[in-house]
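In: Please find the sequence and the predicted model below.
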Amino acid sequence: MHVALKFKMHTLKMVITGVLLLFVLHSCSCTTYADQRRLHDLIKSSFDPRIRPTLDQTKAINVTVIPHLSAFIKLDAREQILKTSFGLELEWSQDIFTWNMSEFSDMDMVTVPQEQTWIPGIHVLDTITTFTPLTEASEDLMVLLYSNGRVKLSVWFNLDTKCEVTITMYPFDVQTCHIIIGKLYDTDKKMIMAPETERLEIWNRNHDEWSIISTGVKQYVYHPDFTGIAIKINIRRKPAFYIINIFIPIFVLCFLNILSFMIPPECGERISYCVSLFLTLSVLLNAVSDSVPKVSNVSFLQVFVILDIVFSAFITIMSIAIVRYEHLNRHEDVCDVRRDDRPKDEFNDANAEKSNDVSSNVVRLDFAYKVDTYLFRGSVLVYILAIVAFILICYFA
């Protein structure tokens, strides 16, 4: 009896151990190499990359597009080219092949090369470089195939697209760039593209010159038989560089130009001082012209610099006129001194005339100083109004 009891206890332990082992194996649900190989062979034999994966070929395949802006590289304003780094996530359904997860060790998803299955031919229609389909640009693309028939594909690429730049408010401008993604061969009867969201997902917003203010994604009909995706990106230029390196130096030069009215008219350096500032502004205008895009419309920055040059030219002309006026008066004084060398009997009459001429010269010199004062006050008023207008434009731009 004792031996039989031991045998029963040993049998019970073995049964419990076996049950626990089966439970652990069942909970692991380990995927075997044989299951993977068998599933890949079935997929390879089921798909034909040349034929759309739908049993009813009269039905269109709906492709959901999820765009991602991974990096905003550059907007070349002179060439009007937008450089970005983009990503597209494509999702669609196929009904020619599904599998039961329980028959393949609970595998829900498998990765297959792109040449083993059908993928949509998608192009960037406004690119300025190669016109290769995005899904064929790389040979190592992998497709995610799910057991319920869902298919996912991710494509990443660098884009050079055309972007029309408007420089009217440059450098306080806001630009809108569009990227059109569509099809060339599959009409809407075969494939329909639609965005998942109305906003572009942005991974990196940091940029030295531009800031992204808004984005938009919508379905876009660019041909009666073709529907694509239109991506809109609104960007604003950061004007700090231009304010520090162009606007502030111009305001300083204009203020120095106004100070020329404080130089006495009889000083010989007044005209050279004004001409030097005028030439400095002219050189600055050339530097500004090199940085502005070569388009037909005129920018705010160009108008600003041109008005400053006109303002400087006006001050230079007025300074020349005042110095010339004072020089003529001085020349008349010299002539009067030479006429004083006369006989003694005419000396009294000459002194009387000289006293009248001196009084007249004092009046003329006083007139020159008054003109300088009025011009200085008027120039300061114009200068203050220009600063106020500039601040308002910076605030509301």
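Out: Structure's in. What do you need? Numbers count the residues shown, from 1 in each chain.
In: can I see the domain layout of the protein?
Out: For the chain, automatic domain parsing gives the domain ranges 34-238, 241-396.
In: quick check, distance from the longest one to the centre of its chain.
Out: Pointing back at domain 34-238 there. 22 Å (CA atoms, centre = their mean, to the nearest Å).
In: gap between the two ends of it?
Out: End-to-end distance of domain 34-238 (CA to CA, to the nearest Å): 59 Å.
In: Flag the shaky bits of the chain, pLDDT-wise.
Out: Residues of the chain meeting the criterion pLDDT under 70: 1-31, 130-133, 135-139, 268, 293-296, 329-368, 397.
In: Do a quick rundown of the strands in it.
Out: Taking DSSP state E to define them, one finds strands in the chain at 61-76, 81-93, 109-113, 123-124, 142-146, 150-162, 174-182, 191-195, 201-202, 210-223, 226-237.
In: Comparing the ones you listed, which comes out most buried?
Out: Comparing those by mean neighbour count (mean count of other CB atoms under 10 Å), strand 123-124 ranks first with a mean of 22. The C-beta positions use only the backbone N, C-alpha and C, and glycine is treated the same way.
In: Now do that one: which elements does it pack against?
Out: Contacts defined by 3 or more CB pairs under 8 Å, 6 or more residues apart in numbering; DSSP states H and E place strand 123-124 against strand 174-182.
In: quick one: strands adjacent to the strand it packs on?
Out: strand 123-124 (antiparallel), strand 226-237 (antiparallel) (DSSP bridges).
In: the inter-axis angle of that strand versus strand 150-162?
Out: Calculated by axes from the mean of the first three to the mean of the last three CA atoms, to 10 degrees, strand 174-182 forms an angle of 130 degrees with strand 150-162.
In: Convert the C-alpha atoms of strand 174-182 to PDB, please.
Out: C-alpha atoms of strand 174-182 as PDB (Å, rounded to 0.1, in the frame of the first residue of the first chain):
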ATOM      1  CA  VAL A 174       4.600  85.900 -45.200                       C
ATOM      2  CA  GLN A 175       4.900  83.300 -47.900                       C
ATOM      3  CA  THR A 176       2.600  80.400 -48.800                       C
ATOM      4  CA  CYS A 177       4.000  77.400 -50.600                       C
ATOM      5  CA  HIS A 178       2.000  74.500 -52.000                       C
ATOM      6  CA  ILE A 179       3.100  70.900 -52.600                       C
ATOM      7  CA  ILE A 180       0.800  68.800 -54.900                       C
ATOM      8  CA  ILE A 181       1.000  65.000 -54.600                       C
ATOM      9  CA  GLY A 182      -0.900  63.000 -57.200                       C
END
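In: ok, back up a step: ok, and which of the domains of the chain has the densest surroundings?
Out: domain 34-238 (a mean of 16).
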